[in-house]
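K.L.:
Fold the following.
(one chain, ligands or ions: 1)
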Amino acid sequence: MKNTEKILGIPVDVIELDAMMEEVPNYLRKSKKMLLTSINPQILLMAKKDKEVQEYLLTSTHPFPDGIGIIKVSKWTGGAIKHRVAGIDVMMELLKIATRLEQSVFLFGAHPDIVRKAVENIKNDYKGIKIAGYIDGYTTKTDAEIVQIINESQAKILFVALGSPRQEKWLLKHYNQLNSVIFQNVGGSFDVLSGEVKRAPQWVIQLNLEWLYRSLSNPKRFHRILQLPVFVVEALFWKIRHRDE
Ligand code: UDP
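P.N.:
This next block holds a predicted model:
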């Protein structure tokens, strides 16, 4: 049985990056779908109001703790989640595994120039990686066409970067029609891999302040700063009401 902890009613894995990545080859070998999902305060607040987001989080095979708010709530309520697993680190590990095991990847999402640059950089940084294809997130193609293109590419690993909650809803609707095995909602990771957006400096990451850095450096994310206290209060009350879960 895997170890999970409920935060705002959603089970979150008590897991670290290495342990989660060790499972990837098994899923690939058995062609068993693996849905790796970043769990952060914003997505948990969305899930409270949006049944589709909630369903995706509950369907996800690997909901991992990607947000310092999650770690803090776990700590303050005597939980066992100790470390953040950043979505971008998961994606980079998957790229390594894809290269090593010769499994192809597909990138869906982000602006056309961004996803193209991300693909170029990935090809340079992960020598020999097979990129089965990519589609930007502003395409006029229908979902049925996108699913067909991905399936025809025979990609085993699919990264979806459409922003939240669009990427989660898209995955919920389509992962069963797709022949890929590993799925990840990656938010702004293509922007980082393209080189257009810089990740926070290492010392900021180590101080657990990457969320603050990202919110301050992108006005579109500024409201997230205000969401954090809302999340913490709601999550603590949830724990009080559901002491035994
Ligand atoms: N994005 C997209 N299509 C859309 C909306 C967003 O491809 O309709 C892309 C956007 O260009 C970016 C990524 O999704 O590369 C993440 O967007 P954002 O930072 O807004 O999402 P969040 O990190 O808040 O989930």
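
K.L.:
show me what contacts T99?
P.N.:
126-129 (C-beta atoms under 8 Å, 6 or more residues apart in numbering). (Glycine included, C-beta is placed from N, CA and C.)

K.L.:
Check Y56 too.
P.N.:
Here Y56 is in contact with 37, 168-169, 171-172 (criterion: C-beta under 8 Å, 6+ apart).

K.L.:
7 Å instead, please
P.N.:
By C-beta atoms under 7 Å, 6 or more residues apart in numbering, Y56 lies in contact with 168-169, 171-172.

K.L.:
Quick check: the two most widely separated of the residues you listed?
P.N.:
K169 and L171 (7.4 Å; C-beta to C-beta).

K.L.:
State the distance from A80 to E145.
P.N.:
44 Å (C-beta to C-beta, to the nearest Å).

K.L.:
Helix, strand or coil: sort out the closest residue to the ligand within the chain for me.
P.N.:
Closest residue of the chain to the ligand, C-beta to the nearest ligand atom: G137 (1.8 Å). Under the three-state scheme (DSSP: H, G, I helix; E, B strand; the rest coil), G137 adopts coil.

K.L.:
what number of residues lie near R100?
P.N.:
Residues near R100, counting by other C-beta atoms under 10 Å, number 12.

K.L.:
Nearest to L216 among the contacts of Y56?
P.N.:
E168 (25.1 Å).

K.L.:
what residues are up against that closest one?
P.N.:
Taking C-beta under 7 Å, 6+ apart, one finds 53, 56, 185 in contact with E168.

K.L.:
For it, which three-state class applies?
P.N.:
helix.

K.L.:
now what about stretch 113-124, what contacts it?
P.N.:
With C-beta under 7 Å, 6+ apart, stretch 113-124 has contacts from 95, 107, 109, 129, 131, 134, 136, 190-191, 193-196.

K.L.:
Quick check: the two most widely separated of these?
P.N.:
I129 and E196 (20.3 Å).

K.L.:
okay, the two: which has more neighbours?
P.N.:
Set side by side, I129 and E196 show more neighbours around I129, with 19 against 15, by other C-beta under 10 Å.

K.L.:
So the more buried one: helix, strand or coil?
P.N.:
Applying three-state DSSP: I129 is coil.

K.L.:
do Q184 as well
P.N.:
Q184 ends up strand, using three-state DSSP.

K.L.:
what's near enough to touch it?
P.N.:
36, 90-91, 94, 159 are the contacts of Q184 under C-beta under 7 Å, 6+ apart.

K.L.:
Out of the residues you listed, who's the most crowded?
P.N.:
The contacts of Q184, ranked by neighbours (other C-beta under 10 Å): first place F159, 31 neighbours.

K.L.:
Tell me the helix or strand right after the helix or strand of the chain with the lowest mean pLDDT.
P.N.:
Within the chain, confidence by mean pLDDT, DSSP states H and E is lowest for helix 210-217 among all helices and strands, at a mean of 84. Sequence order places helix 223-241 as the next helix or strand after helix 210-217, per DSSP states H and E.
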